[in-house]
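Student: Next input, structure requested:
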Amino acid sequence: MTKLKEEMIVPEGWGFVDTVDRRDFLKLTGSGLLVIFALTPPDGVLRPVWNPAGIQRPSPDFNAFVHIGADGRVTMLVGKIEMGQGVMTSLPQLAAEELGVPLASVDVVLGDTELCPFDMGTFGSLSVRTLGPVLRAAAAEARAVLVQMASEKLGVAPADLEVKDGIVMSKSDRSKRVSYGELTAGKRIERRLDGKAALEAVANFKIVGTSPLRRDAIDKVTGRAKYSGDIVPPGALHARIVRAPAHGADMMTVDTKAAEAVPGVRVVRDGEIVAVLHQHRDEADKALKLVKATFGSPPSMLDDQSIFAHLQASAPEGRAVAQDGSVENGEKAATQIVEQKYLKGYVAHAPMETHSAVASVAADGKVTVWGSTQTPFPLQTQVARALKLPTEKVRIITPFVGGGFGGKSASQQAIEAARLAVAAGAPVRVVWDRTEEFFFDTFDPAAVITIRAGIDAAKKIVSWNYEVIGAGERGSQQFYDVANHRTVVRGGWNANQNGMHPFGIGPWRAPGANANTFAREVHIDLLAQKAGMDPVAFRQFNLTKNARMLRVLQAAAEKFGWQAGVAPSKRGFGVALGDDAGTYVASIAHVKVDPSSGAVQVLRVVCAQDMGVVVNPAGAMQQLEGCITMGLGYTLAEEVRFKNGVVLDKNFPTYHLPRFSWVPKIEGVLLNSPDLPAQGGGEPAIVTMGAAVANAVYDAVGARVVQLPLTPERVKAAMV
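Tutor: Down below sits the predicted model:
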């Protein structure tokens, strides 16, 4: 184990907290091969539009690079961040594969705006899917350049050279060889990627497709890993900020005299921010309680019961995101039409690490922020604008992030820390407590989805009319064989149009797709029920044109041992299909329902995924299992209660996350698809959980629940 640790852990000085000093970095890159390549956001990529400060753009002169040093070590500098998804392991695998070097010789720096290339952020399961091909291309270009250099040095034609473990050697004369380190020693060579270097064939992969030890594993299980809240610059002060009791309630008066009288306490006011600062967090907490403030009335009178009628009344005009044929003509051909409304409440991110940031101001006015954020470059823009500084005077360093799930795309705490550090003239630490985390969360929005669909005498789906309010487009477009369909979206998770929501909303793991998949797949079960068909057979019957989806459905059914039966069969089996982040997924759940209470226990989940080339099988399976476990939360319990702008859930005694006792037996199937580039793995398996469990509940006890989460009260009320 010690040897593995030495080989796989990023060397001292690299990484997230003890990141490379700018001067040391310049020394490091003063010699060796520097491969520069443009990192342009691909078309169709979700953009973090919830960031009101806007987004930087890549510099046309210095965008990103892979560096190969005089010692032969490879350094990747990437704008992504590590929040447990494993990119600090999987991205180096891609580079090592293309370069032909041992994985242990590849180092990585992530999420540092001073050193890394521009990046929009870490979200949408995009790291391997969209950045991976760019890194592969850069590494392939570096290999091609080094082979050309070796050809000149050895007097051997490039076609007669091959690379193995960072050594370029002649195929016909093994004595003619030179290492990458020997080729780059004492030189500084800059090459701009022209896109012509050949990529390694998937069939020849030796590193991609394996599961090396995670680079963060040992530090995290031993407690050595550092997060933003662990950073303590000399003289740092804890800030506790006066908060409103409800969203939209403005501060009217504030009296800080009692707090100012406490030894060691400083009171800082910067615009609307009023904060008490102290060297010790507990003393700052005590001082905060001494501040007397009054607030106006919140503008919203909504609560978690009235919100659905409000959404329907206030949603903007719909826009069709998919349509074909004529829904009206399809309904004329239908022998049975089923219409149903589906509801889902607000869901919190509730990460174990609350939003945290530490800010420090240097003598030259440069501001450094260590932030728990998924979007360091957009945050750099936000901080610069808040402080009225040029972006080059702001550096964001992203240590390990303790869970994000989309919620740390917004980074209010980092802006607060930066403003207070400037105002106080000292480093400031802002670590939200759990109540602040729930209050300021950008929640997964509540949604109302209405589906009207019909089947004909042959049991084919002939019409599909779908309207989603609140959840947005992701996952809304169905993939079944339906000639006459229309999908209309009214409002989404990335914009609070018409004041639909009484507090902040934003992306939540597979934003919108959980609600949309729940509604679609429950409705498909309703149609199967009307057709008198087995739920799996009905899906297969209406999926003749979708080979990938049929493949994952068949794989899941075989692994589960599915036997045909018309629901409710009293077995407690439920199936759901989904596509997200380029990955196709099929899940089958087995549940047990307590008929006296309505409580649901998920006993087993089988999930099959087609995600193209699997870069790291163990990492992919961890993501699949994490999705299923996290999905139990929004499926069975997670729902934010609120009233008149006040978030009533302030901690975990009332907001229930999945517990170990909830976790079922999980069996994952990763299909081999070598002809398909690597697709997203961090979100697809979560989207099917709500529908698979809801359909299994109906199969078990005949209770058709059409609102998430499936609380015991709702299941009991739906039981016939």
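Student: if I pick the closest residue to G235 other than its chain neighbours, what's in contact with it?
Tutor: Nearest residue to G235, sequence neighbours excluded (CB to CB, 6 or more residues apart in numbering): A426, at 5.4 Å. Quick note: C-beta positions are derived from backbone N, CA and C, even for glycine. Contacts were defined as CB atoms under 8 Å, 6 or more residues apart in numbering; by that measure A426 touches 235-237, 277.
Student: Show me the residues you listed that map onto strands.
Tutor: 237, 277 (DSSP state E).
Student: Which single one of the contacts of A426 is nearest to G86?
Tutor: Using CB to CB, A236 comes nearest to G86 of the contacts of A426, at 30.7 Å.
Student: Touching, that closest one and V431? I think so.
Tutor: No: if you go by CB atoms under 8 Å, A236 and V431 don't touch, sitting 11.2 Å apart.
Student: So these two - more neighbours on which side?
Tutor: Set A236 next to V431 and count neighbours by other CB atoms under 10 Å: V431 wins out with 23 against 18.
Student: Dihedrals phi and psi, that one?
Tutor: phi -120, psi 110 (degrees, to the nearest 10).
Student: Beta-bridge partners for it, please?
Tutor: Bridge pairing for V431 (DSSP bridges) gives the partners S356.
Student: Could you measure from it over to E416?
Tutor: Per CB to CB, to the nearest Å, V431 is found 11 Å from E416.
Student: list the residues that contact both of these two?
Tutor: Each of A357 lies in contact with both V431 and E416 under the rule CB under 8 Å, 6+ apart.
Student: which two from the contacts of A426 end up farthest apart in space?
Tutor: G235 and L277 (11.2 Å).
Student: Comparing the two, which residue is more hemmed in?
Tutor: Ranked by neighbour count (other CB under 10 Å), G235 and L277 place L277 first, with 25 against 10.
Student: and the gap between that one and A261?
Tutor: 14 Å.
Student: try V78
Tutor: Per CB to CB, V78 is found 49 Å from A261.
Student: Tell me which of those two has more neighbours.
Tutor: Neighbour count, other CB under 10 Å: between V78 and A261, V78 has more, with 28 against 10.
Student: what's the closest non-adjacent residue to the more buried one?
Tutor: In space, V78 is closest to L110, 5.4 Å off (CB to CB, 6+ apart).
Student: And the pLDDT at the one you found?
Tutor: L110 is assigned a predicted lDDT (pLDDT) of 94.
Student: burial count for A519?
Tutor: Residue crowding around A519 was assessed by other CB under 10 Å; the count is 30.
Student: and the helix or strand in which it is found, what's its mean pLDDT?
Tutor: Here A519 sits within helix 513-531, counting by DSSP states H and E. Helix 513-531 shows a mean pLDDT of 98.
Student: do stretch 689-698 as well
Tutor: What stretch 689-698 shows for mean pLDDT is 98.
Student: Local confidence estimate at the closest residue to G407 other than its chain neighbours?
Tutor: Nearest non-adjacent residue to G407, counting by CB to CB, 6+ apart: H349, 3.2 Å away. Here, the pLDDT recorded for H349 equals 98.
Student: Run through the chain and note the low-pLDDT ranges.
Tutor: Counting by pLDDT under 70, the ranges of the chain that qualify are 1-31, 34-64, 186-195.
Student: Pop the domain breakdown of it in here.
Tutor: The record's domain parsing of the chain by automatic domain parsing lists 2-222, 228-296+355-431, 307-347+443-718.
Student: Assumed V369 was part of a helix.
Tutor: No: when the secondary structure is assigned by DSSP: H, G, I helix; E, B strand; the rest coil, V369 falls in strand instead of a helix.
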